[in-house]
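*Asks:* got a predicted structure plus its sequence, pasted below:
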Amino acid sequence: MSSDVAELERAVDGMPDDWREVAVADVVAMLPGFAFKSEHFVTDTDEGLPLIRIRDLGQTATVTRYVGGYGEAYAVQDGDVLVGMDGEFAAVRWQGGKALLNQRVLKLSTARPDVLNEGYLFYRVQPSLSELEQTIGGTTVKHLSTKDLKRLTWQLPPLDEQRRIAEVLRSVDEAIAASRHVLSQMSAAKAAERRDAFSATASATLDPGLAKQGWSSTRLGKVFRERKEKGVTGLPVASVSIEQGLVLRADLDRRVASNLPPEGHSLVRRDDIAYNMMRMWQGACGMATTDCLVSPAYVVMTPTPDLDPRFAHHMLRSEPVIGLLHAYSQGIVDDRLRLYPQAFSQIPINLPPLVIQREIAELLDAYVDGEAVAAKELSAKEAMKAALMSDLLSGRVRLPA
């Protein structure tokens with residue numbers, strides 16, 4: 001590699017005048033991980049050093065540790081830029097303390113700090129990795145090599161501008177991390193409230209104290225009626241997912257095509273609960289907020305007047321009740337389990353009075369609304385980062401000194 005900066009750079013038409021094109025091979029040091037011997041791998045212990053494998057990227061701890069000898073060159077420190085070389089080619093900054101770089105994980109660093117800022121490198125490599133992931137062939141899992149990266153060229157702004165760009169994007173990353181933390185905390189709180197709210201519902205016995213408060217033991221078939229009606233023209237089509245519940249297909253990020261006519265679907269009325277027989281043991285159900293149509297493979301249940309629909313929705317997606325749904329599903333292995341309407345109707349539950357059902361539903365709805373707000377804020381910040389990266393890394397937008 002040349003030691004003369006001028007020999008590394010060249011101007012390119014269409015770039016800002018003070019930007020230069022450089023070969024990645026000249027400015028980026030690439031260290032592939034070492035094939036550490038598996039006989040020195042240990043788990044469930046604090047011995048040795050963390051061993052970074054692809055599945056550990058983005059985490060702050062590793063599943064496996066290494067207790068054998070190693071070369072210091074393969075010791076990773078906080079802030080080092082790492083890339084997984086199989087599957088998704090994502091760059092992360094390691095934040096788990098001193099650790100060892102295992103094979104198929106690549107460490108990147110600047111080979112020319114007088115040309116390429118280390119912080120800028122972390123952001124500049126990300127779009128390149130995305131492009132490589134799209135172009136590299138592979139039947140199942142795609143594999144990245146250092147040769148793929150070394151063939152690239154980058155257009156670099158002056159070093160001071162690189163530092164400013166890296167600092168702006170780092171601050172955005174911090175804001176995104178804060179939003180992710182809020183969303184994670186909100187989701188965990190919602191799950192905990194659901195566990196607390198429905199542990200008595202799924203209990204095999206009814207506490208005498210709850211019985212005095214008006215709780216009663218029943219079966220799902222007593223508080224739900226199966227709706228078996230054909231779809232009608234003019235209603236939107238919805239799908240059920242484990243994460244989102246019942247969602248109109250028009251609101252999904254992905255396109256879901258259906259060749260069925262309206263009458264080939266099942267009708268869902270507002271406040272009905274629709275569930276996926278194959279995934280109900282994972283909580284794949286949702287409450288309809290409007291009349292709609294669903295696949296005939298779904299089961300549609302109507303709550304009786306003794307059951308608040310919002311309470312029912314939260315109940316069927318809660319951890320304690322999901323355990324019952326799994327137990328009553330039929331099949332040899334989980335991927336083949338089905339919860340048929342007849343079995344659904346036999347599931348025993350303990351129900352509070354309607355007034356308590358509504359109080360529980362209102363509390364959990366508040367958590368769901370808070371989670372939605374946090375998710376929207378996170379999505380907005382991620383979109384802002386994507387736009388900033390596109391503008392700043394291309395030179396369309398310049399940061400003043």
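*Replies:* Looks like it came in fine.
*Asks:* and the helices in this structure?
*Replies:* 5-8, 24-27, 118-135, 146-150, 159-198, 208-212, 220-223, 309-316, 319-328, 341-346, 354-394 (DSSP state H).
*Asks:* compare the ones you listed and give me the one nearest G264.
*Replies:* Smallest distance to G264 across the helices of the chain (CB to CB): 19.4 Å, for helix 341-346. For every residue, glycine as well, the C-beta is placed using N, CA and C.
*Asks:* out of the helices and strands in this structure, which is least certain?
*Replies:* Least confident helix or strand, the chain: helix 5-8 with a mean of 58, by mean pLDDT, DSSP states H and E.
*Asks:* deepest of the helices of the chain, which one?
*Replies:* Neighbour counts (mean count of other CB atoms under 10 Å) averaged over each of these peak at helix 309-316, with a mean of 24.
*Asks:* quick check: mean pLDDT across stretch 283-301?
*Replies:* Here stretch 283-301 scores 96 as its mean pLDDT.
*Asks:* what comes up buried for that stretch?
*Replies:* By neighbour count with 16 or more other CB atoms under 10 Å, stretch 283-301 contains the buried residues 283-288, 291-295, 298-301.
*Asks:* and W281, how far is that from F311?
*Replies:* For W281, the distance to F311 (CB to CB, to the nearest Å) stands at 20 Å.
*Asks:* quick revisit: which of the helices of the chain sits closest to D46?
*Replies:* Nearest of the helices of the chain (CB to CB): helix 159-198, 25.7 Å.
*Asks:* next, the angle from that closest one to helix 354-394.
*Replies:* 170 degrees (axes from the mean of the first three to the mean of the last three CA atoms, to 10 degrees).
*Asks:* tell me what helix 159-198 is packed against?
*Replies:* If contacts are counted by 3 or more CB pairs under 8 Å, 6 or more residues apart in numbering; DSSP states H and E, helix 159-198 sits against helix 118-135, helix 309-316, helix 319-328, helix 354-394.
*Asks:* turn these into JSON lines, columns for mean pLDDT and distance to S216.
*Replies:* As requested, the helices and strands packed on helix 159-198 are exported to JSON lines (pLDDT from 0 to 100; distance: least, CB to CB, whole Å):
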{"stretch": "helix 118-135", "mean pLDDT": "96", "distance to S216": "56"}
{"stretch": "helix 309-316", "mean pLDDT": "98", "distance to S216": "14"}
{"stretch": "helix 319-328", "mean pLDDT": "96", "distance to S216": "16"}
{"stretch": "helix 354-394", "mean pLDDT": "96", "distance to S216": "11"}
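*Asks:* want to throw the ones you listed into CSV with distance to R151?
*Replies:* Output for the helices and strands packed on helix 159-198, formatted as CSV (distance: least, CB to CB, whole Å):
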stretch, distance to R151
helix 118-135, 10
helix 309-316, 53
helix 319-328, 49
helix 354-394, 19
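*Asks:* out of those, flag the one nearest E72.
*Replies:* Per CB to CB, nearest to E72 of those: helix 118-135, 19.3 Å.
*Asks:* pull the distance from that closest one to the chain's centre.
*Replies:* Distance, stretch centre to chain centre, for helix 118-135: 21 Å (CA atoms, centre = their mean, to the nearest Å).
*Asks:* burial of E72, as a residue count?
*Replies:* 5 (other CB atoms under 10 Å).
*Asks:* and for the one 3 residues further on?
*Replies:* For A75, the count of nearby residues is 13 (other CB under 10 Å).
*Asks:* that one and I52: what is the separation?
*Replies:* Distance from A75 to I52, by CB to CB: 10 Å.
*Asks:* could you do V373 as well?
*Replies:* From V373 to I52 the distance is 35 Å (CB to CB).
*Asks:* low-confidence ranges, the stretch 151-300 of the chain, go.
*Replies:* The model of the stretch 151-300 of the chain has pLDDT under 70 over residues 253-258.
*Asks:* pLDDT score for I136?
*Replies:* pLDDT, I136: 88.
*Asks:* over to the one 10 residues further on?
*Replies:* Among the per-residue scores, T146 shows a pLDDT of 97.
*Asks:* with adjacent residues omitted, what lies nearest to it?
*Replies:* Of all residues not flanking T146 in the chain, M30 sits nearest, at 4.7 Å (CB to CB, 6 or more residues apart in numbering).
*Asks:* what's near enough to touch that neighbour?
*Replies:* For M30, the contact set (CB atoms under 8 Å, 6 or more residues apart in numbering) comprises L106, K107, L108, T146, L149, K150.
*Asks:* if it is in a bridge, with which residues?
*Replies:* When bridges are called by DSSP bridges, M30 pairs up with L108.
*Asks:* what separation do you get for it and G48?
*Replies:* Distance from M30 to G48, by CB to CB: 26 Å.
*Asks:* repeat that for M301.
*Replies:* 53 Å.
*Asks:* and if you look at A91?
*Replies:* 26 Å.
*Asks:* who has more neighbours, those two?
*Replies:* Using other CB under 10 Å, the more surrounded residue of A91 and G48 is A91, with 20 against 16.
*Asks:* quick check: the more buried one touching L129?
*Replies:* Yes: taking contacts as CB atoms under 8 Å, A91 lies within contact range of L129: 6.0 Å.
*Asks:* what do these two both touch?
*Replies:* Joint contacts of A91 and L129 (CB under 8 Å, 6+ apart) are V83.
*Asks:* next, show the common contact partners of A75 and I52.
*Replies:* What both A75 and I52 touch, as defined by CB under 8 Å, 6+ apart, is the set A99, L100, L101.
*Asks:* which non-adjacent residue is nearest the first one?
*Replies:* Right, the one you point to is A99. Nearest to A99 is P50, by CB to CB, 6+ apart, at 3.9 Å.
*Asks:* again with the last one
*Replies:* Ranked by CB to CB, 6+ apart and with sequence neighbours excluded, the top spatial neighbour of L101 is G33, at 4.0 Å.
*Asks:* so what's the one you found scoring on pLDDT?
*Replies:* At G33, the pLDDT value in this model is 98.
*Asks:* same check, this time on D13
*Replies:* 65.
*Asks:* what do you get for the one 4 residues further on?
*Replies:* In the prediction, the pLDDT value recorded for D17 is 87.
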